[in-house]
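A.B. asks: Sharing a sequence plus its predicted fold:
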Amino acid sequence: MSKRILIMDDEADFGEFVSIIAQDLGYEVTALTDPCEFKQCYQDFRPDTVVMDMVMPDMNGNDLVNWLISQGSAVKLLIVTGYNPLNARSLRLQGAANGMSPVKTFRKPVSARKLRAALA
């Protein structure tokens, strides 16, 4: 069974960091920096795990989680933020209440150890 992860973060360095760890764990990886590409990529790639930043230009994590919910997604979701972690917490609860499982939140910077454990 292949594992697929879609990384959505406008910071390319963070996406590369997550990509390296995910590939080491056997994931097929797609990383995006433009949130406007997320919906089409999600539909084409069909990931089982999504790592998503909360604050991005043009579209934020709230928009993307609400879209995932509207799609009936049961994806494993990891939400990361460099800002107020309460926003990520509310999204975690919303995602979990709508069938996404598990939903985890992390505050940037995320350690490689914590990220590896969350993806393993």
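C.D. replies: Looks like it arrived, so ask away.

A.B. asks: from here on, contacts and neighbour counts on C-alpha atoms
C.D. replies: Noted.

A.B. asks: how near is residue 55 to residue 113?
C.D. replies: Separation of residue 55 from residue 113 (Cα to Cα, to the nearest Å) stands at 23 Å.

A.B. asks: of those two, who's got more company?
C.D. replies: Comparing residue 55 with residue 113 by other Cα atoms under 10 Å, the one with more neighbours is residue 55, at 17 against 9.

A.B. asks: give the contact list for the more buried one.
C.D. replies: 61, 81, 83 (Cα atoms under 8 Å, 6 or more residues apart in numbering).

A.B. asks: Just give me the closest of these to residue 2.
C.D. replies: Nearest to residue 2, judged by Cα to Cα, of these is residue 61 at 25.7 Å.

A.B. asks: Am I right that that closest one is in contact with residue 52?
C.D. replies: Yes: at 6.7 Å, residue 61 and residue 52 qualify as touching, with contact defined as Cα atoms under 8 Å.
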